[in-house]
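Trainee: here is my input; please provide its structure:
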Amino acid sequence: MATFGEQYGEALALDPGDRQMVRNPAIGAVQGDAQPKVFFFAPGRGSAHANRATEIAGQVERLNSNASITFVSYGTGAEVLKSRGKNVIDLGIREAGTMWTILVAAERLLRDARPDLVVSCEEFVVLPVAKMTGIPAIFIGDWFTNPRSPTMQTLALADEIIFTEDSGIFEEPLYVKGKVFYSGPVVRKFKYTGRDQERARRELQLPVDATVVSVLPGEWATEETQPICHVLGPAFDGLRVPDKVMIWIAGRDYDAVQKRFGERADIVITQNESKLDQIMVASDFAITKGDRTTVKELAALGIPSISISHGRRPIDDTYVRRIGSNRFLEASLLSPAELLACMMDSLARAEELRRTPPSSSLCSGQGLAHAAKRLAEHITSI
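Mentor: Below you'll find the model as predicted:
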């Protein structure tokens, strides 16, 4: 069978760097099959959306054995989904591709494959494509912004919005009134709990009695655009504890962080997130650049966090300011002394939080259950 790129590469008029389409197992498989075919779109920029899509879809499949879910993504998202053994259509476009590139690729795919339902996990441009091709579309997201934004206005075309947070955090645009289902916060399932600190440290070959600080900046907040090395290094040096270790998941910043701290025995630098759950649970507290998913996960595990915000992600800032176990700091005003004081405070709160994990809805798993049940109902109604 010809690949998606071979069929449509020229018609899409993609940049040469975007012509990387791979085998598309779903095209041609929909026709004549009694199972409802669901295409689950997840943005390819980073791993967070793919992780959330996997969690929700997995729960849906447990609730509705008749569901046949195919993921659609590109870039890092597609790689994450493939690594988990999922049925994936890789659009083959570059991770930093424009919304118009995604729109054209999605339109060609839906027009040919004709699934019964489209689910979009914050891939906004899929909604008008689904509307143009006459396919019902469910949107999954956890934020609203300026209702005049062209991106936000695509939500008017969704049949329903499953909002994976509580109501009242953001004001609903008028054009989505009556079509928003609030599931409560969705946090993925973890391989470890907040009470597994000693086991996680032994597996990571860390001193059991050390003070462990993890740095989890996320995949897009690089040191080039949102630096924290210059303030975090001196603050960590000032942390007066008998034994301490900093674990930095550096991602794209690996070379830069390695160059600055690579010779230090008390700073461990890793490039990928393959042991993220272990590292989080092994930590007494964590430092982030304000990524809302990471901060919510830390809170669910009962681990205090510090968010250093550069003001470029107002939606994330709105969330992390609301989380009691997190301390929000503005990067432009931050000194090593202020960060050190916040680190000492987080260390003092760490043991208390571990003894009494937060009882908020983050920990209950109800948000994931409610979101999956609602989506399963849509699939059942096809």
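Trainee: what about the helix ranked longest in the chain, average pLDDT?
Mentor: Among the elements of type helix in the chain, defined by DSSP state H, the one spanning the most residues is helix 336-355. Confidence for helix 336-355, expressed as mean pLDDT, is 90.
Trainee: now do the buried residues in it.
Mentor: Of the residues in helix 336-355, 336, 339-340, 342-343, 346-347, 349-350, 353-354 count as buried by neighbour count, 16 or more other Cβ atoms under 10 Å. Backbone N, C-alpha and C define where each C-beta goes, glycine included.
Trainee: next one: stretch 56-70
Mentor: Within stretch 56-70, the residues scored as buried using 16+ other Cβ under 10 Å are 56-61, 63-64, 67-70.
Trainee: okay if I get these as CSV plus distance to Arg252?
Mentor: Supplementary listing: these in CSV, determined by distance: Cβ to Cβ, whole Å:
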residue, distance to Arg252
Ile56, 27
Ala57, 28
Gly58, 28
Gln59, 31
Val60, 33
Glu61, 33
Leu63, 37
Asn64, 38
Ala67, 36
Ser68, 36
Ile69, 30
Thr70, 29
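Trainee: now for the residue nearest the centre of the chain: which residues touch it?
Mentor: Nearest to the mean C-alpha position of the chain, by Cα atoms, centre = their mean, lies Ala48 at 1.9 Å. Ala48 makes contacts with 291, 293, as judged by Cβ atoms under 8 Å, 6 or more residues apart in numbering.
Trainee: using CSV, please lay out the buried residues of stretch 56-70 together with pLDDT and distance to Ala221.
Mentor: As requested, those are exported to CSV (pLDDT from 0 to 100; distance: Cβ to Cβ, whole Å):
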residue, pLDDT, distance to Ala221
Ile56, 95, 25
Ala57, 95, 27
Gly58, 93, 28
Gln59, 93, 29
Val60, 94, 31
Glu61, 91, 33
Leu63, 90, 35
Asn64, 78, 37
Ala67, 81, 35
Ser68, 86, 37
Ile69, 95, 31
Thr70, 97, 31
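Trainee: what's the first helix or strand after the longest helix of the chain?
Mentor: Moving toward the C-terminus from helix 336-355, the first helix or strand encountered (DSSP states H and E) is helix 366-380.
Trainee: rewinding a little: now, which of the buried residues of helix 336-355 sits nearest Ile267?
Mentor: Met343 (14.5 Å; Cβ to Cβ).
Trainee: would you mind giving the domain segments of this structure?
Mentor: 4-186+365-380, 197-355 (automatic domain parsing).
Trainee: so where's the protein uncertain?
Mentor: 1-34, 355-364 (pLDDT under 70).
Trainee: on that earlier part again, which among the buried residues of helix 336-355 gets closest to Asp196?
Mentor: Looking at the buried residues of helix 336-355 and their distance to Asp196, the nearest is Arg354, at 10.2 Å (Cβ to Cβ).
Trainee: how far is stretch 309-317 from where the chain is centred?
Mentor: For stretch 309-317, the gap between its own C-alpha mean and the chain's C-alpha mean amounts to 15 Å (Cα atoms, centre = their mean, to the nearest Å).
Trainee: before we move on, what about stretch 257-276?
Mentor: A distance of 22 Å separates the centroid of the chain from that of stretch 257-276, by Cα atoms, centre = their mean.
Trainee: how about the CA coordinates for that stretch, as PDB?
Mentor: Below are the C-alpha coordinates for stretch 257-276, written out as PDB (Å, rounded to 0.1, in the frame of the first residue of the first chain):
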ATOM      1  CA  VAL A 257      23.800  22.100  31.200                       C
ATOM      2  CA  GLN A 258      26.500  19.500  30.800                       C
ATOM      3  CA  LYS A 259      29.000  22.200  29.900                       C
ATOM      4  CA  ARG A 260      28.100  24.300  33.000                       C
ATOM      5  CA  PHE A 261      27.700  21.600  35.600                       C
ATOM      6  CA  GLY A 262      29.000  18.400  34.100                       C
ATOM      7  CA  GLU A 263      32.100  18.100  36.200                       C
ATOM      8  CA  ARG A 264      30.200  18.300  39.500                       C
ATOM      9  CA  ALA A 265      29.600  15.100  41.500                       C
ATOM     10  CA  ASP A 266      26.500  16.500  43.200                       C
ATOM     11  CA  ILE A 267      24.600  17.300  39.900                       C
ATOM     12  CA  VAL A 268      23.300  14.400  37.700                       C
ATOM     13  CA  ILE A 269      22.300  15.500  34.200                       C
ATOM     14  CA  THR A 270      20.100  13.200  32.000                       C
ATOM     15  CA  GLN A 271      18.700  13.900  28.600                       C
ATOM     16  CA  ASN A 272      15.400  12.000  28.500                       C
ATOM     17  CA  GLU A 273      12.400  11.400  30.700                       C
ATOM     18  CA  SER A 274      12.400   7.600  30.700                       C
ATOM     19  CA  LYS A 275      12.700   7.500  34.500                       C
ATOM     20  CA  LEU A 276      10.600  10.500  35.200                       C
END
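Trainee: picking that back up, mind putting the buried residues of stretch 56-70 into JSON lines with secondary structure and distance to Gly218?
Mentor: Shown next, in JSON lines, are the buried residues of stretch 56-70 (DSSP: H, G, I helix; E, B strand; the rest coil; distance: Cβ to Cβ, whole Å):
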{"residue": "Ile56", "secondary structure": "helix", "distance to Gly218": "21"}
{"residue": "Ala57", "secondary structure": "helix", "distance to Gly218": "23"}
{"residue": "Gly58", "secondary structure": "helix", "distance to Gly218": "23"}
{"residue": "Gln59", "secondary structure": "helix", "distance to Gly218": "25"}
{"residue": "Val60", "secondary structure": "helix", "distance to Gly218": "27"}
{"residue": "Glu61", "secondary structure": "helix", "distance to Gly218": "29"}
{"residue": "Leu63", "secondary structure": "helix", "distance to Gly218": "31"}
{"residue": "Asn64", "secondary structure": "coil", "distance to Gly218": "33"}
{"residue": "Ala67", "secondary structure": "coil", "distance to Gly218": "31"}
{"residue": "Ser68", "secondary structure": "strand", "distance to Gly218": "33"}
{"residue": "Ile69", "secondary structure": "strand", "distance to Gly218": "27"}
{"residue": "Thr70", "secondary structure": "strand", "distance to Gly218": "28"}
